[in-house]
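In: pasted the sequence and its predicted model underneath.
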Amino acid sequence: MRLDRSFYERDVLIVAPELIGKRMIRNTPAGNPSYLITEVEAYRGTEDEASHARFGKTSRNAVMFDTGGLLYVYLIYGMYWMLNIVTGKRGQAQAVLIRGVSDISGPGRIARTLGIDRSFYGEDLVSSERIWIEDHSNIPEYVQQPRIGINYAGEPWKSQPWRYIMVPPSQIS
DNA sequence: AGCAAGATCGGT
DNA sequence: CCGATCTTGCTG
């Protein structure tokens, strides 16, 4: 069943690991593919020096300051769309970057495969007809690591283990 | 105003 | 390790 507002409105450090193992559904004229979420990163508030919210609200990141459950989509390196899910209550400026789904590794390739672009900025996962996330009662194992590509941030932000990676069942000892 | 750098990826 | 490619927000 589709996740509701109350799921997304919690702190990003709670929501991010819980997104691992959930299914993202992409409703298109061609079909209804679903993708298992396998890797995410948490970005937490204006004090997080690795976050786009670190300079406060701007035209690009404005949706991060809105309510949890909305999508934050932005273009990076002129060619890759990044898919993020806003979490927390309005004003908290938190988001989860989707880094891996099913057999797709890398946020840029995910957006390309799912057909995510600027038109998904602000899309609401709670009510959208195009994209949403379902809970299939899957509780996977995961490991935590520092986030990728944020060397510009200072400590402790650079080292926070806010990257969550699903451990395949075959690798659990 | 201009410009360096970016939550990346694929090829060399 | 470098180039693609363009938006962003600072002068990194």
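Out: Perfect, thanks for sending it. Numbering: from 1, shown residues only, chains lettered A, B, ... in the order given.
In: for residue A:131, which non-adjacent residue is closest in space?
Out: Nearest non-adjacent residue to residue A:131, counting by CB to CB, 6 or more residues apart in numbering: residue A:26, 5.5 Å away. Backbone N, C-alpha and C define where each C-beta goes, glycine included.
In: so the one you found sits right up against residue A:35, yeah?
Out: Yes. Shown here, residue A:26 and residue A:35 form a contact pair, counting by CB atoms under 8 Å, at 7.3 Å.
In: what sits in contact with each of those two?
Out: residue A:114 (CB atoms under 8 Å, 6 or more residues apart in numbering).
In: residue numbers of chain A in contact with DNA strand C?
Out: Chain A has residues A:52, A:55, A:58, A:59, A:60, A:61, A:74, A:75, A:77, A:78, A:79, A:152 near DNA strand C, with proximity defined as CB under 7 Å from any atom of the strand.
In: in chain A, which residue sits closest to DNA strand C?
Out: residue A:78 (2.6 Å; CB to the nearest atom of the strand).
In: just the pLDDT for that residue.
Out: With respect to pLDDT, residue A:78 has a value of 95.
In: gap between it and DNA strand B?
Out: 5 Å (CB to the nearest atom of the strand, to the nearest Å).
In: kind regards, and thank you for your time.
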